[in-house]
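J.: can't give you the sequence, but here's the structure:
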């Protein structure tokens, strides 16, 4: 499993800037505006990367993700594999000497990445899984595990994945055939609809 | 002691042993559990990964329901659920703007009065001396590596529970039951959590490292308080052993199962036979 140590920058790479209300906004400013991240806090000590359990699966190291954000390399960050390999274990945020919430930054980057259709090819199964999970929750109010597996397999086409696990779980009484429903499932559906209205984004 | 009970979705299905054993354990300790009426999914990883407001709103609905139903305390045994509920509490308390948006999203009001407990915290609050006085069957055969995972202790500023690098709560409970509580290095190393389906390769590697370290420490059992950790360490065992050519066979127990058994319950009463890795012989 080869791992690139950061991207090789060929020559000078221009910073990505965008227009917001006719003002030029850097990626740093955008991150501060949308989620309150003060990316200038990071002084690249590397402690986050040192403690991260999944770096062997990443292209950018966590501290490199922070650096890319500081440098305005917006597109590269949104397309990287790293943000989808992050397991939200919170080790990074816990140990950061500047108390920067890097795990929270990963969440923000994931959200933008999905919204802009920039999810790394290797990470699409992760997004399919999250969407399948939320589909079930929206429909039934509680997670219908069998439905989740079916929905995920349909989206990912990994039809035979864990094929032996299902029957074993079922015979041990760990896999319900039918969903547990919330009585007021309508109320949960409304939460999804309200969130979409309030944030302008479909979860 | 009376607490609201929030089982969460996995305790009704893949982690049914956790639900069965928590209820049995609480009955034996005379802790009255009253299930929250009409609770919904907390959103787990999916919600906070895909939309920040959704990740707060779903748990907030449950907190609002608990408040409405008159609960001051709620037990959420699943570490992901307790993490989401406590984080929602925290974020709503810190931001009036977020609180307002959340209340609009859930169409309910919530004043922030509900306290959420994870399972080890509840047991410590209940009192280890009291638990010890009720132990009828000490677990001397067990050399336990207490595995906390991520979501019981991180981030410390939000959860304010135990130590985040070398926690002791599960170890103290295990020692109270007469078992050996081992010191080991992988107490809070991530198991891969919700990646169990979408990135099984990551889970396999992380779980291998945890099991290896537990074995090196001399453990013959692992204690957990999280359904994802249990699922990854137990149901994924064959995948780990076949990928790495290892032979890890140590059973993984929910802490509630160990407590109930030490109090006199039979392993069957706490669903030990439902585990994938054989776990009955060590506690019979």
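T.: Now that the structure is in, tell me what you want to look at. Computed from a prediction, not measured in an experiment: that's the story for all the values here.
J.: Nearest the geometric middle of chain A, what residue?
T.: Nearest to the mean C-alpha position of chain A, counting by C-alpha atoms, centre = their mean, stands residue A:110 at 3.6 Å.
J.: all strands of the chain, in order?
T.: Since no chain was named, I'll use chain A. Counting by DSSP state E, chain A has these strands, from start to end: A:17-20, A:23-26.
J.: was after chain B, sorry
T.: B:2-5, B:32-35, B:73-75, B:115-117, B:143-146, B:180-181, B:221-224, B:252-254.
J.: Could you work out which of the ones you listed reaches nearest to residue A:93?
T.: strand B:115-117 (19.9 Å; C-beta to C-beta). Just so you know, the C-beta spots here come from the backbone N, C-alpha and C atoms, and that holds for glycine as well.
J.: Could you list the paired strands of that closest one along with their orientation?
T.: strand B:73-75 (parallel) (DSSP bridges).
J.: In the strand it pairs with, which of the residues would be classed as buried?
T.: Using 16 or more other C-beta atoms under 10 Å in any protein chain shown as the test for burial, strand B:73-75 gives B:74-75.
J.: ditto for stretch B:33-51
T.: B:33, B:36, B:38-51.
J.: Tell me the gap between the lengthiest helix in chain A and the middle of its chain.
T.: With secondary structure taken from DSSP state H, chain A has its longest helix at helix A:124-140. What separates the centre of helix A:124-140 from the centre of its chain is 13 Å, taken as C-alpha atoms, centre = their mean, to the nearest Å.
J.: which one of the buried residues of stretch B:33-51 is nearest residue A:98?
T.: residue B:48 (22.2 Å).
J.: Against residue B:43, how distant is the nearest residue to the closest one once chain neighbours are set aside?
T.: Closest residue to residue B:48 apart from its sequence neighbours, by C-beta to C-beta, 6 or more residues apart in numbering or on different chains: residue B:55 at 3.2 Å. Distance check for residue B:55 against residue B:43: by C-beta to C-beta, to the nearest Å, it reads 5 Å.
J.: Kindly report the same for residue B:276.
T.: For residue B:276, the distance to residue B:43 - C-beta to C-beta - is 27 Å.
J.: Over to residue A:76?
T.: Distance, residue A:76 to residue B:43, by C-beta to C-beta: 29 Å.
J.: got it, and residue B:193?
T.: 14 Å.
J.: Repeat that for residue B:270.
T.: Going from residue B:270 to residue B:43 by C-beta to C-beta gives 28 Å.
J.: cool, residue A:194 as well?
T.: According to C-beta to C-beta, residue A:194 stands 14 Å off from residue B:43.
J.: what does residue A:174 give?
T.: Residue A:174 is 22 Å from residue B:43, by C-beta to C-beta.
J.: Poorly predicted segments of chain B, please.
T.: Within chain B, no stretch has pLDDT under 70.
J.: Can you pull the residues of the stretch 1-150 of chain B lying near chain A?
T.: Residues of the stretch 1-150 of chain B lying near chain A by C-beta under 8 Å from any C-beta of the partner chain: B:9-10, B:12-17, B:38-41, B:43-55, B:57-58, B:61, B:101, B:104-107, B:150.
J.: Cross these against helices and list the overlap.
T.: Per DSSP H, the subset of the residues of the stretch 1-150 of chain B next to chain A in helices is B:16-17, B:44-50, B:52-55, B:57-58, B:61, B:101, B:104-106.
J.: so residue B:259 touches residue B:131, yeah?
T.: Yes: in this structure residue B:259 lies within contact range of residue B:131 using C-beta atoms under 8 Å: 6.8 Å.
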